[in-house]
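Q: No letters, just coordinates:
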């Protein structure tokens, strides 16, 4: 039957799609309101859509339905997926290989593979990249990067270090700077006696 002036048919609702409301995916046209995941009904766009034959999914549901299955297959780097896909009508298949423990029993193998994290000089706990601030050639937590005397939060512009400890410039000058007349110790001139 010829199409007399109407647009293409929507891949989801089969109604006419006019040019102003059209989204194309995999050679098919969709209404903007019909362009959603067939499993979870989440709205899609060109960056989140994954097509399989005539079906469209969000990338997460596509991975659950058509991606690799089993323990250890997550949705991104360093992720462990425990989703079995039961809500999608999928059957979980246990791999013949026994599942490995998430924690390592041999810490030396772990540190050889991932490296040992550096310790904060103030609190002694591990400092990870997301919270690391360098001062005095050592890694510090952002919350530990404070003056040892007054507790003021430090920045690269006002930090000084002495013997492995951090100080603000004011406290450093008061405690380790030059002393005597005119250096903050005395505020008035001493009169000379003749």
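A: Yep, it's here. The structure presented is a predicted model; accordingly, all values stated were derived computationally and were not measured. Numbers count the residues shown, from 1 in each chain.
Q: can you give me the mean pLDDT across stretch 125-140?
A: On average, the pLDDT along stretch 125-140 is 85.
Q: Using the record's assignment, carve the chain into domains.
A: Recorded structural domains for the chain (assignment: the TED database) are 8-72, 132-176.
Q: Mean neighbour count and distance to residue 117 for the ones you listed - can I get that in CSV?
A: In this view, the C-beta of every residue, glycine as well, is placed from N, C-alpha and C. Below are the domains of the chain laid out as CSV (neighbours: other Cβ atoms under 10 Å; distance: least, Cβ to Cβ, whole Å):
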stretch, mean neighbour count, distance to residue 117
domain 8-72, 16, 24
domain 132-176, 15, 9
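Q: Where do the helices of the protein begin and end?
A: In the chain, the segments counted as helices under DSSP state H are 59-66, 107-114, 169-176.
Q: Least reliable of these by average pLDDT, please.
A: Mean pLDDT is lowest for helix 107-114 among the helices of the chain, at a mean of 50.
Q: Was I right to think residue 34 contacts residue 13?
A: Yes: the criterion here is Cβ atoms under 8 Å, and residue 34 meets it with residue 13 at 5.3 Å.
Q: what ranges of this protein fall below the confidence cut-off?
A: Within the chain, the segments meeting pLDDT under 70 span 1-6, 69-116, 180-194.
Q: For it, which segments count as strands?
A: In the chain, the strands defined using DSSP state E lie at 8-9, 16-17, 22-25, 28-31, 49-52, 55-58, 118-119, 126-127, 132-135, 138-141, 159-162, 165-168.
Q: for the fourth one, packing partners?
A: What that stands for is strand 28-31. With contacts defined as 3 or more Cβ pairs under 8 Å, 6 or more residues apart in numbering; DSSP states H and E, the packing partners of strand 28-31 are strand 8-9, strand 16-17, strand 22-25.
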